[in-house]
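Trainee: starting from these lines, generate the structure:
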Amino acid sequence: SGLKQLHGQQVTGHLPPNITGHWVSNSCEVRPGPEFITRSYRFFPDGSFQALQFYYQDPECSEPSYSLLIRGGVRPLQASWLVRGGAVCEYHLSRVQLLCHGPAAALIQRRLRSACDLRQPLRPGLTYELWDERRDCTRGLDFSMQELQLMRLERSGHHGDPSRQIEELFLGDVHTERAQRRLHQPAGYQTPLQSAKVSSERCGVCRIVSSADLHHPPVLPARPERPVRLQGDWVSTRCEVRPGVLFLTRQLTFHEDSQTWTGQYEHFSDPVCRHPTFSISASGRYSRGAPSAAIGGAVEFTFTVTHMTVTPMDEATASLLKVLRGRACGSEGSWQRGVPQDVTSTSGCAALGVRLPHTEYELFSMGQDPSGHSLLYNGQRPSDGSRNHRRRKGGRRDEPVCVCMSESVCECVC
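Mentor: Alright, predicted model coming up:
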């Protein structure tokens, strides 16, 4: 299966992370807002960095709006106690420059007016100082580099196949509320950046982004809009990280004719998903809503969870569930490692943070990996953990799930 292939990967994390090198986006990234962005970051042996952020008007990253050149320094401090496998870092800025592209200059001028008295009108193609040691004009753009406070470096590959070696740099997540970004303490990760050195041969987007500069932003090739089709089986492309110290893999099945779904969520205690703690099997119904007004090609969905089974996979979780009193999670005192128990009658399992019946609002969009496999992206949950309608308006979640049309197609690892 696809998850067996996932567990067959040789994944290693490195603490402290040696991030020296050039790291680039491998796709058009979608941040909450929405914001459409590609990134090209260089980290140097002396601890300094130079980061290029390219912003766009469209979800294909083909119409540049403005670019930022950020300089500063960063250094790892210690292993994160909040996100296992990550490194806590400290950073400082020394300079932020802005360059607008085309008609976006007028809009950027209005956004900056509330934060700073620009001494001259913004003109496309000219650079402007937004931040130095004397002044800060970045607030109007809700700019922040808090992502540098949390890092994880991963190397992965498959035995005997050097062409599938991957180096990825995970940086901290961005708060879903723009006004909160500057004070946000990352508790998860963004879409990982790829090593430009390792991935350039097989990643066309990486090559385009790595060769860009402040005056020449990457223009990604426009792709035809892919209709959202949930039908079929989907599996995680990697060990996923969620805020709240959750590591998991997902296997989802959708039946469009009956509008029913099932999900298998395997939870782990480690960031490479080797040590299982518990699994949840859930099922219910879903309904398709309206196309997203914010993200082209995305569609809103409403999911209900009506049935759930929990299986403790280690002794610690089984012992935790055993001591629960009353009807908080299944039958009192009956839990055993590896033995599933239906928790529908107890309205879920409060100790694991899952309750029934439950309604979830989702935003789905389709993508494709470099090998042509279909990817399904779902919207990012608000950083405050709420599950209301706002989630539909966020960006893509970091980790997509990959479609399984057959045993071989399930081998995709993105």
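
Trainee: now the longest helix seen in the chain: how far from the chain's centre is it?
Mentor: Determined from DSSP state H, the single longest helix within the chain is helix 104-113. Taking C-alpha atoms, centre = their mean, to the nearest Å, the mean C-alpha location of helix 104-113 is offset from the chain mean by 28 Å.

Trainee: how about low-confidence regions in the stretch 151-300 of the chain?
Mentor: 158-164, 244-245 (pLDDT under 70).

Trainee: and the strands in it, which stretches?
Mentor: With strands called from DSSP state E, counting those that start in this stretch, the stretch 151-300 of the chain shows them at 161-171, 193-195, 232-236, 240-242, 246-255, 260-268, 276-291, 299-312.

Trainee: kindly reformat these as TSV containing distance to residue 11 and mean neighbour count.
Mentor: The C-beta positions use only the backbone N, C-alpha and C, and glycine is treated the same way. TSV is the format used below for those (distance: least, C-beta to C-beta, whole Å; neighbours: other C-beta atoms under 10 Å):
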stretch	distance to residue 11	mean neighbour count
strand 161-171	9	17
strand 193-195	15	24
strand 232-236	13	20
strand 240-242	13	21
strand 246-255	12	19
strand 260-268	12	18
strand 276-291	16	17
strand 299-312	24	19
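
Trainee: make TSV out of the ones you listed and add distance to residue 204.
Mentor: What follows is the strands of the stretch 151-300 of the chain, written out as TSV (distance: least, C-beta to C-beta, whole Å):
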stretch	distance to residue 204
strand 161-171	15
strand 193-195	12
strand 232-236	24
strand 240-242	25
strand 246-255	28
strand 260-268	33
strand 276-291	28
strand 299-312	27
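
Trainee: so which of the ones you listed comes closest to residue 27?
Mentor: Among these, the nearest to residue 27 by C-beta to C-beta is strand 193-195 (9.7 Å).

Trainee: residues in contact with that closest one?
Mentor: Residues outside strand 193-195 that contact it (C-beta atoms under 8 Å, 6 or more residues apart in numbering): 21-26, 39, 41, 166-171, 203, 206.

Trainee: now do stretch 260-276
Mentor: 3, 6-7, 11-13, 83-86, 152, 230, 239, 241, 246-255, 277-286, 303, 313-314.

Trainee: pretty sure residue 203 contacts residue 27?
Mentor: No: if you go by C-beta atoms under 8 Å, residue 203 and residue 27 don't touch, sitting 9.3 Å apart.

Trainee: show me where this structure has helices.
Mentor: Assigned by DSSP H, the chain shows helices spanning 2-7, 104-113, 196-199, 204-210, 315-322.

Trainee: so which of those helices comes closest to residue 184?
Mentor: The nearest among those, by C-beta to C-beta, is helix 104-113 at 19.7 Å.

Trainee: buried stuff in that closest one?
Mentor: Going by neighbour count (16 or more other C-beta atoms under 10 Å), the buried part of helix 104-113 is 104-105, 108, 112.

Trainee: stretch 351-365 spans what distance, first to last residue?
Mentor: 32 Å (C-alpha to C-alpha, to the nearest Å).

Trainee: correction: the previous question concerned stretch 284-297.
Mentor: 25 Å.

Trainee: now do stretch 127-143
Mentor: 17 Å.

Trainee: next one: it to chain centre, how far?
Mentor: With C-alpha atoms, centre = their mean, you get 27 Å for stretch 127-143.

Trainee: now do stretch 276-288
Mentor: 20 Å.

Trainee: one more: stretch 278-290?
Mentor: 20 Å.

Trainee: what's the neighbour count on residue 377?
Mentor: Neighbours of residue 377 under the rule other C-beta atoms under 10 Å: 22.

Trainee: next one: it from residue 50, what distance?
Mentor: 29 Å (C-beta to C-beta, to the nearest Å).

Trainee: and residue 109, by the same measure?
Mentor: On the measure of C-beta to C-beta, residue 109 and residue 50 end up 25 Å apart.

Trainee: kindly report the same for residue 239.
Mentor: 30 Å.

Trainee: more neighbours: which of these two?
Mentor: residue 239 (23 against 15).

Trainee: what is the burial count for residue 14?
Mentor: Per other C-beta under 10 Å, the neighbour tally for residue 14 reads 15.

Trainee: likewise residue 199?
Mentor: So residue 199, with other C-beta under 10 Å, has 22 neighbours.

Trainee: one step back: residue 363 is nearest to which of the strands of the stretch 151-300 of the chain?
Mentor: Once the strands of the stretch 151-300 of the chain are compared by C-beta to C-beta, strand 299-312 is nearest, at 5.8 Å.

Trainee: as PDB, could you dump the C-alpha coordinates of that closest one?
Mentor: Extracted C-alpha coordinates of strand 299-312, given in PDB (Å, rounded to 0.1, in the frame of the first residue of the first chain):
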ATOM      1  CA  VAL A 299     -14.200  23.900  -3.400                       C
ATOM      2  CA  GLU A 300     -15.800  24.000   0.000                       C
ATOM      3  CA  PHE A 301     -17.000  20.800   1.600                       C
ATOM      4  CA  THR A 302     -18.900  20.000   4.900                       C
ATOM      5  CA  PHE A 303     -18.000  16.700   6.600                       C
ATOM      6  CA  THR A 304     -19.800  15.000   9.400                       C
ATOM      7  CA  VAL A 305     -18.300  12.300  11.600                       C
ATOM      8  CA  THR A 306     -20.800   9.800  12.900                       C
ATOM      9  CA  HIS A 307     -18.900   6.700  13.700                       C
ATOM     10  CA  MET A 308     -15.500   6.200  15.300                       C
ATOM     11  CA  THR A 309     -13.200   3.400  16.500                       C
ATOM     12  CA  VAL A 310     -10.000   3.900  18.600                       C
ATOM     13  CA  THR A 311      -7.100   1.400  18.900                       C
ATOM     14  CA  PRO A 312      -4.300   2.000  21.500                       C
END
